[in-house]
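Visitor: What follows is a predicted structure for the sequence shown.
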Amino acid sequence: YQRRVHGDILSVYFFSHRMDFIRTIALAAILFGAAAAWEPVGRAEDERELRLTVALKQRNLATLERTLMEVSDPGHARYGKYMTLDEISNLVAPSQASIDRAVSWLKTNGAHNISLTLSRDFVSATMAVQDAAAAFSTPFCWFKHSSEQRIIRACTRTEVPDDLAPLVDFVSGLNDFPSIQVQAHTSVGNPSAFGNEPKNLRKLYSIPEGTYGSHPNNSQAVTGFLNQWFTPNDLSKFLKVYSPDLEGQSIAKIVGPNKARAGTEANLDVQYVMAMGAKVPTWFWSNDMLDNGQEPWIEFLKDLSNTRDIPLVFSASYGEGEHTFDLDYVSRSNVELQKLGVRGITMLAASGDNGAGCWRHRFEANWIAASPYVTAVGGTTGVPTEKAAPLSSGGFSNFFPRPSYQERVVAAYLKRSGLPNQRYYNASGRAYPDVAAVAENVPICMDGKCGVGIAGTSCACPIFAGVVSLLNDARLRAGKPSLGFLNPALYSIVSSGGYPFNDITAGRGNGGCGSEGWPAKAGWDAVTGFGSPNYAKLLEAVMKF
């Protein structure tokens, strides 16, 4: 998951975004974050081409957020009354005049291959280096990473020109540097001895035998970024060895490339979302933005805004510390996540594998998990008696305030004893994770070998996602809408006296900045959220609304 490599933690780089001198935190990202790993090695040739993504400013964002909370709240009359991509686009897309001005600016400055997403709020364009240099008043250089990856970016800090700036949130491909993954996966002997195979996880999480997805409109997906591809042969072998009742199942659809070389992250995600969300049609949604120098997350969100029919549940096991992102960038990404929720889509994100984290003497949250508009999945260890996995990241966002849906339970946790000193964290920030699942000693099949033990919240996220897909299936068969953005419903169930989770009350997350980490407590806590899923109780709860 994260860029930090600790023992048997599955670690992958994600990305960082453009610096902004107005914000000290963004400047720090360039000086000390992923961009520092890139070294300029010479001027880019004039005829070389750049692919830019222009995020156009949107309208009616307050209405969008209000709509999200209404359609996601089981107590509201609009619950489950989702909107289509086209309806959302009509609400938030910029005016045609703004679109025309932005496209005209691009054409005037030599751009070609210009395309607009169906949502009408992203524009992609190709520009020759010499044209981009003139348009943005800066030379462009080749940058080289220690991994030998090479990309073209502006040689120095560049701003969006004054005549374009009022129309856009940002332009990707100028100052943003993608991170290069560092992947750690360690065999832990015989992980089967720990009891974490799918059949035992399904029992642990109270999923009755023979519980399968069957509704034709149900679907789930995992994301594949940073040159992570899954291997169909490993998937087949995994199902045969660990879930023989699912033998013969395969990925229903691949969006984007799936190249020959296997990736641990992708294999893990595919194998466990399919084992837990049994027989639910599964998509593998990838991009190769790292190969062409683009930042993968925003390209993924752009693709979703350009596709009308998408899976109902997404599991994303990628992230990085908040300080490596520009606030404008994550704010726009939050809008894109809101749009997904209004469409009835569930986005789950692994919370991270670095405990409380540390940046400049304060704990640091991981993004995208700390977004208020995703369901963040922390990690547990131990079967059948779970406790908090030390690697599980959690805490409080330094970017976003605590959303109202979690105010009650988080305020109660902050009154508990044994918490870190408040000087290390932003007590008023969005608290995460929301839920958890097993995140250590999880066996996968890799390169034809089964029993490769993996750890990290990258394990927990697809496990929980599969459970959500089974809940969706039951709702769809009953004529109910998909669960969509989960958090308001989950927190509402608990606030109303229910508790459809296995409450984790033992263990503590790793600390940071010289402090101990977050302890697990009864109820919600900042290392395992509400705990791991109890499918039977969740099913009973979600079928009531």
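Guide: Sure, I can see it.
Visitor: confidence score at residue 259?
Guide: Predicted confidence (pLDDT) for residue 259: 74.
Visitor: tell me which element it falls in.
Guide: Assigned by DSSP states H and E, residue 259 belongs to neither a helix nor a strand.
Visitor: The closest residue to it other than its chain neighbours - how many residues pack around it?
Guide: Counting by C-beta to C-beta, 6 or more residues apart in numbering, residue 259 lies nearest to residue 229, which is 4.8 Å off, once chain neighbours are set aside. C-beta: built from backbone N, CA, C; applies to glycine. When counting by other C-beta atoms under 10 Å, one arrives at 21 neighbours for residue 229.
Visitor: heads up, I number from 765, so please use that
Guide: Fine by me, first position is 765 from now on; the one you just mentioned is residue 993.
Visitor: hey, where'd the helices end up in this structure?
Guide: 788-796, 825-836, 849-856, 860-872, 893-900, 962-968, 996-1006, 1028-1040, 1060-1068, 1091-1106, 1171-1178, 1221-1241, 1251-1259, 1299-1306 (DSSP state H).
Visitor: TSV for those, including mean neighbour count, mean pLDDT and distance to residue 1128?
Guide: Shown next, in TSV, are these (neighbours: other C-beta atoms under 10 Å; pLDDT from 0 to 100; distance: least, C-beta to C-beta, whole Å):
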stretch	mean neighbour count	mean pLDDT	distance to residue 1128
helix 788-796	18	26	10
helix 825-836	18	98	25
helix 849-856	17	98	31
helix 860-872	15	97	35
helix 893-900	20	96	31
helix 962-968	20	96	30
helix 996-1006	19	95	34
helix 1028-1040	28	94	22
helix 1060-1068	22	88	18
helix 1091-1106	22	94	14
helix 1171-1178	15	98	18
helix 1221-1241	28	97	16
helix 1251-1259	20	97	21
helix 1299-1306	18	98	31
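Visitor: how about those, which one is nearest residue 937?
Guide: Set against residue 937 and scored by C-beta to C-beta, the helices of the chain come closest in helix 893-900, at 8.7 Å.
Visitor: Distance from the chain centre to stretch 1139-1157, please.
Guide: 18 Å (C-alpha atoms, centre = their mean, to the nearest Å).
Visitor: Among the helices of the chain, which comes closest to residue 1115?
Guide: Judging those by C-beta to C-beta, what sits closest to residue 1115 is helix 1221-1241, at 5.0 Å.
Visitor: name the helices or strands packed onto that closest one?
Guide: When contacts are defined as 3 or more C-beta pairs under 8 Å, 6 or more residues apart in numbering; DSSP states H and E, helix 1221-1241 packs onto strand 984-988, helix 1028-1040, strand 1077-1080, strand 1110-1114, strand 1139-1145, strand 1199-1202, strand 1296-1297, helix 1299-1306.
Visitor: that older thread, and of the helices of the chain, who's closest to residue 1212?
Guide: Using C-beta to C-beta, those put helix 996-1006 closest to residue 1212, at 6.9 Å.
Visitor: Give me the angle between the closest one and helix 1028-1040.
Guide: 40 degrees (axes from the mean of the first three to the mean of the last three C-alpha atoms, to 10 degrees).
Visitor: For the closest residue to residue 1206 other than its chain neighbours, give me its contacts.
Guide: Once flanking residues are discounted, residue 1206 sits nearest to residue 1223: 4.2 Å by C-beta to C-beta, 6+ apart. Shown in contact with residue 1223 (C-beta atoms under 8 Å, 6 or more residues apart in numbering): 774, 1032, 1036, 1143, 1201-1204, 1206.
Visitor: hmm, 10 Å instead?
Guide: 765, 774, 960, 965, 1032-1033, 1036, 1081, 1114, 1117, 1141, 1143-1144, 1153, 1201-1208, 1217 (C-beta atoms under 10 Å, 6 or more residues apart in numbering).
Visitor: could you check the distance from it over to residue 1283?
Guide: Distance of residue 1223 to residue 1283, given as C-beta to C-beta, to the nearest Å: 22 Å.
Visitor: One more: residue 1022?
Guide: In terms of C-beta to C-beta, residue 1022 sits 41 Å off from residue 1283.
Visitor: again, but for residue 1306
Guide: Counting by C-beta to C-beta - residue 1306 and residue 1283 are separated by 29 Å.
Visitor: same thing with residue 901?
Guide: Residue 901 is 52 Å from residue 1283, by C-beta to C-beta.
Visitor: what about the two, which has more around it?
Guide: residue 1283 (20 against 10).
Visitor: The more buried one against residue 1156, yeah?
Guide: No - using C-beta atoms under 10 Å, residue 1283 is not in contact with residue 1156, being 11.6 Å away.
Visitor: Just to check, residue 939 is in contact with residue 1090?
Guide: Yes - between residue 939 and residue 1090 there is a contact under C-beta under 10 Å: 8.9 Å.
Visitor: Apart from its chain neighbours, what residue comes closest to residue 1126?
Guide: residue 1188 (5.6 Å).
Visitor: ditto for residue 998
Guide: Closest to residue 998 by C-beta to C-beta, 6+ apart is residue 1209, at 4.5 Å.
Visitor: burial count for that neighbour?
Guide: Residue 1209: 24 neighbours (other C-beta under 10 Å).
Visitor: Can you give me the end-to-end span of stretch 884-903?
Guide: End-to-end span of stretch 884-903 (C-alpha to C-alpha, to the nearest Å): 30 Å.
Visitor: And it, how far out from the chain middle?
Guide: 28 Å.
Visitor: how far away is the nearest residue to residue 1283 once chain neighbours are set aside from residue 1285?
Guide: When the adjacent residues along the chain are set aside, residue 1283 lies closest to residue 1272, with 4.6 Å between them (C-beta to C-beta, 6+ apart). For residue 1272, the distance to residue 1285 (C-beta to C-beta) stands at 10 Å.
Visitor: Could you do residue 960 as well?
Guide: Taking C-beta to C-beta, one finds residue 960 at 24 Å from residue 1285.
Visitor: I figured residue 1060 hits residue 1051, correct?
Guide: Yes - with contact defined as C-beta under 10 Å, residue 1060 reaches residue 1051; the gap is 5.5 Å.
Visitor: returning to that earlier point: put together JSON lines for the helices and strands packed on helix 1221-1241, with distance to residue 841 on each row.
Guide: Below are those laid out as JSON lines (distance: least, C-beta to C-beta, whole Å):
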{"stretch": "strand 984-988", "distance to residue 841": "28"}
{"stretch": "helix 1028-1040", "distance to residue 841": "33"}
{"stretch": "strand 1077-1080", "distance to residue 841": "25"}
{"stretch": "strand 1110-1114", "distance to residue 841": "21"}
{"stretch": "strand 1139-1145", "distance to residue 841": "23"}
{"stretch": "strand 1199-1202", "distance to residue 841": "27"}
{"stretch": "strand 1296-1297", "distance to residue 841": "28"}
{"stretch": "helix 1299-1306", "distance to residue 841": "18"}
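Visitor: For residue 1236, find the nearest of those.
Guide: strand 1077-1080 (6.6 Å).
Visitor: Packing partners of the closest one?
Guide: In this structure, strand 1077-1080 packs against strand 984-988, helix 1028-1040, strand 1046-1050, helix 1060-1068, strand 1110-1114, strand 1139-1145, helix 1221-1241, with contacts taken as 3 or more C-beta pairs under 10 Å, 6 or more residues apart in numbering; DSSP states H and E.
Visitor: Residue 960 and residue 1285: who's more crowded?
Guide: Neighbour totals were compared for residue 960 and residue 1285, and residue 960 leads with 25 against 21 (other C-beta under 10 Å).
Visitor: Distance of that one relative to residue 894?
Guide: Taking C-beta to C-beta, one finds residue 960 at 55 Å from residue 894.
Visitor: how distant is stretch 1112-1121 from the center of its chain?
Guide: 11 Å.
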